[in-house]
Structures are given as structure tokens and as C-alpha cells.
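Enquirer: I need the structure of the sequence given here:
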Amino acid sequence: MGREGGAVPFDLVVRSRRVFAEGGERALAVGVRDGAIAALLPYDDPVPARERVDLGEVCLLPGLVDTHVHVNEPGRTEWEGFATATRAAAAGGVTTIVDMPLNSLPPTVGVDALAVKRAAAAGKCAVDVGFWGGAVPGNVPALRPLHEAGVFGFKCFLSPSGVEEFPLLEEDGFRAAMREIASFDGLMVVHAEDPELLTEPTGPTYRQFLDSRPGESERRAVERVIAVAREFGTRAHVLHVSSASCLEPLEAARRDGVRITAETCPHYLTITAAQVSGPEFKCCPPIRDPGNRDELWQGLAAGVLSCVVSDHSPSTPDLKVPDFAAAWGGVSSLQLGLPAVWTEARSRGHGLARVTEWMAARPAALAGLPAKGRIAVGADADLVAFDDTAPFTVDAGSLRHRNPITPYHGRTLTGVVRATWLRGRPVTDPAPPFGELLARPVNP
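Expert: Residues are numbered from 1 along each chain as shown. The predicted structure is shown next:
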């Protein structure tokens, strides 16, 4: 890339001796023009730019893509909100999120509700934001209009969601929704637990809560999703896999050509049941035992689990009561996913290139966002300076999300986000936010 008529060819050049671009880690200068990556140049190339940043040995990663975030606005903005959630995302190296259709009021189960959600988000977002629609009893006629309005897919629950305005889909409703979604080649993302195998906890302890949601409930629900996806040819994605018992049917389905993928979350990969010390750890499905965690890592390395996303599901502190049976279930971790996963991954021999694949490239592919999650010519210049050897101790009170609750409080993690760029512009406080509201590409 040379000078054109003496003009400055780039708005920004970011150099690092450790750029995690397509093709592997190498020393590069990343040239940015008009918000996109325009060139990947040798590290020492003297090409001029309006702004230059040299990171030296600090890593340059693609901005992460988190396709599982509960922002909760409008209606439960005291739990979170677009302003706080997206600031937390940017501080954690996440440059794109996709918001879940609950726990906002109204839930995103129709085009009118999507318009309400987009209006609530407008002008508040520090990173780019897309939206999932919801599949609930009775809204099959709304699914195609939501798809045409730009949602990235549809979320459903096969067990109670925890909020009455977003009911579960029973067998007939699930089949009808999957059939309709297949008709326009949409995507169904599923909270997969079989309600017949779930029980009320027999007491207030974590072990009693864990026993009430056995791994077999996940496996049986996953098998149900696979069977219906096979029947109708629907694209399906299993959310937040916590039980390694799901890996076998998922792998077999993939071999058979069923259009199904699955994700897991940082808390299932980095925390075990024995480490649970309070209700900030409660989530559904639950954090399980060490052997199960090891198997999840194996499934991730083998590609049975395609991506790692946060399932950031915050609440106000008063809902996190000490009784595990009564506490709200949800982990707050949007800002901490990258260092949490990297800390554990490096101890297991996985490199940072794999982590960026799991947390950037593959979630972007799931959502059909080819300009996101990668450092390549033509992609959005969503970039993260990540100091992969720097330790820090998590202080919940210093995190950017709204309420100071996280199971990582007091943990020492490795890896600090030093800077984040969205389409070539630095995301900084207190500068006004400039994230965009995304719609599903017409031809992803």
C-alpha cells in the first residue's frame, strides 16, 4: 500500500510484534482507513498515518464478539443497561455484543418490541450491539417479521426461564417454531434443560441446588434439539453448555450433518462447584465438578463446542440472597471473560490464537458477521491491545457493569486490556459512545 498523490494513506496504524491476524501470530503494522482494516504491513514499514500506535510486545487481538449478553434494558435497567454493559464490554476487549430478548420489558418477541429495544439502546452504546429475537408460545407468526427486521436469530427455553413474561416452549410449540425458522433459514438458539428432570432444591446450599439440575437434564434436552433440527433441517445452537454429557450427542450430530453448534461460558471453564462460595456464582445450568470442567475443555479443543461467550446475566444485589434456592441465577462477567479464559487456557497449554478463535472469530461466524472477530483486510478495525502476561486482582467495585457483583471478585487473573478500538476509533471514558446498532446481514 503506497502513497496516493502524496496523501496520507491511513487514518491509524497500530503496530505490534504480536498481532493475532488471520494466518497466525506475527509482527505487523495494521493500517486503518475509514473504519476498516486497509492493509497488513511489515512491522517496520514507515508508511505515514494521521495517528500511530506502537504496542511493542503487547498483543494486538481482534475485538471479541459476545453473542450472549443480557442487557435488561428497558424495564429492568436497574439490573444493567446499554450504557453500563457496553462500557464493561469495551473494558474487557469486547467490541460487539448481541443482546438476549429477555430480561427486558417488553421481551423482544415481536417487531414492535424490537423497536422499543432499539430506541432504548440508541445513543448509549460504547460498542456495536445486535439483537436476538425470542420464540415463545404463540408468536410463530412474529418470527419471520422479526427475521426480516434484522434480529440475528431466536432464543427459546425448554425449561422455565425465571421470568413469567418469557415462557418455555413445550414440544408442540418448539416444533412449530423450529419448522417456521427453517422455512427462512434462520437460527434458533436454545436454553437446553429438560424440565422433567429438574426438581426444587431440598435446601439452601449450593450442593442441593446443583443436585436439583443434573447434567442428564441438559443431555436429554440437547438430544431433543438435535432430533428436531435433524427433522426440519433447522440451524440450531445450544447455549451455555455446562454438562460434559452433552458432548457425545453433539459430536455425533455434527458427524451426521445436523446443523447444530454449541457454546460454553468462562465460568464453566474456570470455576468448579467446590469453589462456589456465595450466590454470585449461581447460574442455570450450574457450575459443576472438576472432571466435568476438564471434559468441557477437551470438547472445546476438539471443536464440539464452537465458542466461549459470557452469558452475562446480572441483577441487583438484593436478588443475590444467601439461599441458593431463592437467589437470582446469573453470572456477571462481561468485562472479565478474556482474562478469565486466558488464565485457564494458558495453564492447559492453549495459546492465545485459540482463545481469540473461540471468543472472536467463531461467535462472529455464529451471528453471520464476517466483518467482525478477525484482523484481516476488509474487516472492521475492531482491535484490542492485550497485555497477556500482566496479572491483576479482580475488584468487583471497579468493574464497569452496573452492580458490583461477580464470582471473580478477589481472583488473580492474567491478562490486561490496555486499549480498545472500535472501527479504528479508541473507546475511552468519558468520551461520548459511538457504537452502532447492528442488523443481521441480508446475505450473511
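Enquirer: can we go C-alpha only for contacts and neighbour counts from here?
Expert: OK.
Enquirer: per-residue confidence for Ala7?
Expert: Model confidence at Ala7, given as pLDDT, is 61.
Enquirer: Strands of the stretch 201-350 of the chain, start to end?
Expert: 235-238, 260-264, 307-308 (DSSP state E, counting those that start in this stretch).
Enquirer: Ignore what I typed, I meant the stretch 51-200 of the chain.
Expert: Going by DSSP E, counting those that start in this stretch, the stretch 51-200 of the chain shows strands at 59-62, 64-69, 94-99, 128-131, 133-134, 154-157, 187-191.
Enquirer: Of these, which is nearest Pro249?
Expert: Comparing those by their distance to Pro249 (Cα to Cα), the top pick is strand 187-191, with 15.4 Å.
Enquirer: got the contact list for stretch 321-334?
Expert: 69, 85, 88-89, 92, 200-201, 203-206, 209, 267, 278-284, 310-315, 319-320, 401, 405-408 (Cα atoms under 8 Å, 6 or more residues apart in numbering).
Enquirer: actually stretch 29-41, not the one I typed
Expert: 1, 9-16, 28, 42-45, 375-381, 422-425.
Enquirer: Now do the SS call for the residue lying closest to Ala27 once chain neighbours are set aside.
Expert: Nearest non-adjacent residue to Ala27, counting by Cα to Cα, 6 or more residues apart in numbering: Arg17, 3.8 Å away. Here Arg17 is recorded as strand under DSSP: H, G, I helix; E, B strand; the rest coil.
Enquirer: separation between Arg17 and Thr356?
Expert: Note on Arg17: its distance to Thr356, by Cα to Cα, to the nearest Å, is 17 Å.
Enquirer: Which residue of the two possesses the greater neighbour count?
Expert: Between Arg17 and Thr356, Thr356 has the larger neighbour count (other Cα atoms under 10 Å), namely 24 against 20.
Enquirer: Make sure I have this right: that one is in a strand.
Expert: No: remark: Thr356 does not belong to a strand; assigned using three-state DSSP, it is helix.
Enquirer: Neighbours of Val163, how many?
Expert: Val163: 11 neighbours (other Cα under 10 Å).
Enquirer: pretty sure it is touching Asn103, no?
Expert: Yes: contact status for Val163 versus Asn103: in contact at 7.3 Å, counting by Cα atoms under 8 Å.
Enquirer: sorry, back to before: are any of the contacts of stretch 321-334 buried, and which?
Expert: The neighbour count (16 or more other Cα atoms under 10 Å) marks 69, 85, 88-89, 92, 201, 205-206, 209, 267, 278-284, 310-315, 320, 401, 405-408 as buried among the contacts of stretch 321-334.
Enquirer: Out of these, which sit inside helices?
Expert: Mapping the buried ones among the contacts of stretch 321-334 onto helices (DSSP state H) picks out Ala85, Ala88, Ala89, Tyr206, Phe209, His267.
Enquirer: of these, closest to Ala360?
Expert: Using Cα to Cα, these come closest to Ala360 at Ala89, 12.9 Å.
Enquirer: Contact partners for the residue lying closest to the closest one once chain neighbours are set aside?
Expert: Leaving out its chain neighbours, the residue that sits closest to Ala89 by Cα to Cα, 6+ apart is Gln335, at 5.3 Å. By Cα under 8 Å, 6+ apart, the contact list for Gln335 reads Ala88, Ala89, Ala90, Ala91, Gly92, Gly93, Val94, Leu399, Arg400, His401.
Enquirer: If the residue most central in space within the chain is in a bridge, with which residues?
Expert: Residue closest to the average C-alpha location in the chain (Cα atoms, centre = their mean): Asp66, at 2.5 Å. Asp66 forms beta bridges with Ile97, as assigned by DSSP bridges.
Enquirer: For it, give its distance to His147.
Expert: 20 Å.
Enquirer: What of Asp194?
Expert: Where His147 is concerned, Asp194 sits at a distance of 27 Å (Cα to Cα).
Enquirer: for Pro370, same thing?
Expert: 18 Å.
Enquirer: Please identify which of the two sits among more neighbours.
Expert: Between Pro370 and His147, His147 has the larger neighbour count (other Cα under 10 Å), namely 24 against 16.
Enquirer: which residues does the more buried one contact?
Expert: Gly133, Gly153, Gly186.
Enquirer: Likewise for Gly299?
Expert: Ala244, Leu247, Leu305.
Enquirer: Give me the pLDDT value at the last one.
Expert: As predicted, Leu305 sits at a pLDDT of 98.
Enquirer: That one and Thr264 touch, don't they?
Expert: Yes: with contact defined as Cα under 8 Å, Leu305 counts as touching Thr264 (6.8 Å).
Enquirer: what's the neighbour count on Glu295?
Expert: 16.
Enquirer: quick one: it and Ala244 touch, right?
Expert: Yes: using Cα under 8 Å, Glu295 is in contact with Ala244, at 5.8 Å.
Enquirer: Brilliant, that's me finished.
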